[in-house]
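Asks: 3D model of this:
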Amino acid sequence: MRLLKQKGNRCVLYAAAMLLDEDPDTLVAEIGHDGTSIQFPGLPEPACFRGIHIQEVIDCCMRRGYGLTPIEPLPRSGPQGRKEWALVYDLPELRFMNAVAGSPGIIIGKAGNGGNHAFAWDGDMVFDPNGAKKQLTDILIKEVWILTTLIPKTSSQKP
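Replies: Have a look, this model is predicted:
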C-alpha cells in the first residue's frame, strides 16, 4: 500500500484511493464529486462538507470485483429503544483481531480533534491520509470495513 497525503479534509476518499491503489482523482471521477461541496452551511469545517459516504466507496470497490465487509470491534445487541445491551461475543477483541489481521480495508476511527476519521489498513499497518503510518493500537476504532472478493453471479444463481 502506498501512503497518500490528503489535500483538504478528504480522508474517506484518500483512504479508499490507498486501499484500491488508485489515484484519488480517478475515484472522484467515478463517484461524481470530491466531497468538498458545502452541504451544511451552518456548520464549521469540516462538518459543513458533503463528504464521501462509505456506500460510494463500496460502489467503487464493486466495479473492481470487491466488496467491503464491516467488522465492529465490540459488537453488542439490546432491546430496541433501550440503553441496555450485551456483548455478542465472549472475547470480542480476539474475534476482531482475527477478522482484520492480514485483511486490508478502511478503518473508521477517531481523529485527534475527537471527530471521525478514515484510515487505510493494509492488514498490518495503518495509513493515515494526513501522511503518517501508525499501529492499529494507536487508533480508537469505531469499525473496520475489510476488502473482500466478490463471487461472480452466474445466470442460475438467485439474488
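
Asks: could you check what's spatially nearest to residue 89, not counting adjacent residues?
Replies: With Cβ to Cβ, 6 or more residues apart in numbering as the criterion, residue 89 has its nearest non-adjacent residue at 5.0 Å, and that residue is residue 95. Heads up, the C-betas are built off the backbone N, CA and C, glycines and all.

Asks: now the one you found: which helix or strand?
Replies: Using DSSP states H and E, residue 95 maps to helix 92-100.

Asks: just the buried positions in that helix, please.
Replies: 95-96, 99-100 (16 or more other Cβ atoms under 10 Å).

Asks: what's the farthest-apart pair in those?
Replies: 95 and 100 (9.9 Å; Cβ to Cβ).

Asks: what ranges does the protein have for its helices?
Replies: With helices called from DSSP state H, the chain shows them at 11-20, 24-31, 54-63, 92-100.

Asks: need the winner for burial among those helices.
Replies: Comparing the helices of the chain by mean neighbour count (mean count of other Cβ atoms under 10 Å), helix 11-20 ranks first with a mean of 26.

Asks: so residue 88 makes contact with residue 75?
Replies: Yes - with contacts counted by Cβ atoms under 8 Å, residue 88 reaches residue 75, the gap being 4.3 Å.

Asks: ok, those two, which is more surrounded?
Replies: Legend: neighbour count by other Cβ atoms under 10 Å for residue 88 and residue 75, higher for residue 75 (15 against 12).

Asks: ok, the more buried one to residue 113 distance?
Replies: Per Cβ to Cβ, to the nearest Å, residue 75 is found 27 Å from residue 113.

Asks: show me the shaky parts of the chain.
Replies: 155-159 (pLDDT under 70).

Asks: ok, back up a step: so how far is the helix holding residue 95 from its chain's centroid?
Replies: 17 Å (Cα atoms, centre = their mean, to the nearest Å).

Asks: I'm done for today, thanks for sticking with me.
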